[in-house]
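Student: requesting a structural model of the entry that follows:
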Amino acid sequence: MAQRRVEPHDYSMPTFSCQVCQESFDIPQGSIDKYPGWTPKYCRDHSPAKKITKQERGARKRRPPSRSREENLTLATVLETYSEGPASGLFTDGSAVPNPGPGGWGCVWVEDGEVREQRHGHAESTTNNRMELQALIEAYQLLPENAKETIHTDSRLCVDTILKWAPAWERKGWKKKGGEIKNLELVQELLRLHRAHAGCQLQWIAAHSGARWNEYADSLSTAWMREEL
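Tutor: This is a model prediction of the structure:
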């Protein structure tokens, strides 16, 4: 009797970015292959197909609404409103409204609660992730190569990209399983700067958690949307 040939399974796990929370998530390559042309857009928590339990629905009703990025506070209002979080380091943020669409980036260097330097910029057509990467590039460029600072970003995707994935992509000739490397030129520049500043630490900080200087960087990233900085 002829033996049936069994095709090998593909256990690779391409990584994607959730369009809701911007967090990275993995999908088995085998699942992607079942639906040609499909690009996953949502993590498990934000999938439109997720079934919400009665308990989760009740918790959501009780939870106070989170502050939207589009609240667009001025720098003065941020300083009046927030006082928590780290008082030293560099803080970065990026935004696009809508995403993709026009956007901006911001970074601020703080020492003991005092602003040492800050920058912000604007792009007519961009994405949230591009602006997050650009903000980090600008932050590193503020620092001498012998600096010992913590650089904060609320983009876990950026942190994982630089600390986990980009070195592996580089070893493979800047290729990855599952498709193209998005924003490659920004990823390459940020990785170069990260390596050049060996004494600095890249660290994730929760968005809109009340940390004063993260909120300040957010305000810089949306400055293009208002008349008053």
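Student: tell me the mean pLDDT for the helix or strand where Gln134 lies?
Tutor: Using DSSP states H and E, Gln134 sits within helix 128-142. In this model, helix 128-142 has a mean pLDDT of 98.
Student: can I see the domain layout of the protein?
Tutor: 15-62, 71-225 (automatic domain parsing).
Student: of these, which shows the lowest average pLDDT?
Tutor: Looking at the domains of the chain, the bottom one is domain 15-62 with a mean of 64.
Student: just checking: what are the partner strands of the helix or strand just after the helix holding Gln134?
Tutor: Once the chain leaves helix 128-142, the next helix or strand it forms, by DSSP H and E, is strand 150-153. Here strand 150-153 is paired, per DSSP bridges, with strand 89-96 (parallel), strand 201-204 (parallel).
Student: for Thr81, give me its contacts.
Tutor: Residues near Thr81 by CB atoms under 8 Å, 6 or more residues apart in numbering: Leu73, Glu215. The way it works is simple: take the backbone N, C-alpha and C, and place the C-beta from them, glycine included.
Student: next, the angle helix 128-142 makes with the lengthiest strand in the chain.
Tutor: Identified as the longest strand of the chain according to DSSP state E is strand 114-126. Going by axes from the mean of the first three to the mean of the last three CA atoms, to 10 degrees, strand 114-126 is angled at 140 degrees with respect to helix 128-142.
Student: which residues sit against the helix holding Gln134?
Tutor: 17, 22, 90, 92-96, 99-100, 103-107, 109, 117, 119, 121, 123, 151, 153, 155, 157-158, 182-183, 186-187, 189-190, 193-194, 196-197, 200, 202, 217, 221.
Student: any of the residues you listed buried? List them.
Tutor: 17, 22, 90, 92-96, 99, 103-107, 109, 119, 121, 123, 151, 153, 155, 157-158, 183, 186-187, 189-190, 193-194, 197, 200, 202, 217, 221 (16 or more other CB atoms under 10 Å).
Student: on that earlier part again, tell me which of the strands paired with strand 150-153 lies nearest to Trp213.
Tutor: Nearest to Trp213 among the strands paired with strand 150-153 is strand 89-96; the distance by CB to CB comes to 4.2 Å.
Student: ok, then the element right after that closest one?
Tutor: Counting by DSSP H and E, the element after strand 89-96 in chain order, helix or strand, is strand 101-111.
Student: now that next one and strand 89-96, what's the angle there?
Tutor: Going by the same axes, to 10 degrees, strand 101-111 makes 170 degrees with strand 89-96.
Student: parallel or antiparallel, list what pairs with strand 101-111.
Tutor: Here, using DSSP bridges, strand 101-111 pairs with strand 89-96 (antiparallel), strand 114-126 (antiparallel).
Student: start and end of stretch 149-163, how far apart?
Tutor: Taking CA to CA, to the nearest Å, the first and last residues of stretch 149-163 lie 16 Å apart.
Student: which residues touch the residue nearest the centre of the chain?
Tutor: Computing the C-alpha centroid of the chain and ranking residues by CA atoms, centre = their mean puts Ser155 first, at 2.4 Å. Counting by CB under 8 Å, 6+ apart, Ser155 touches Gln22, Gly94, Asn129, Glu132, Trp204.
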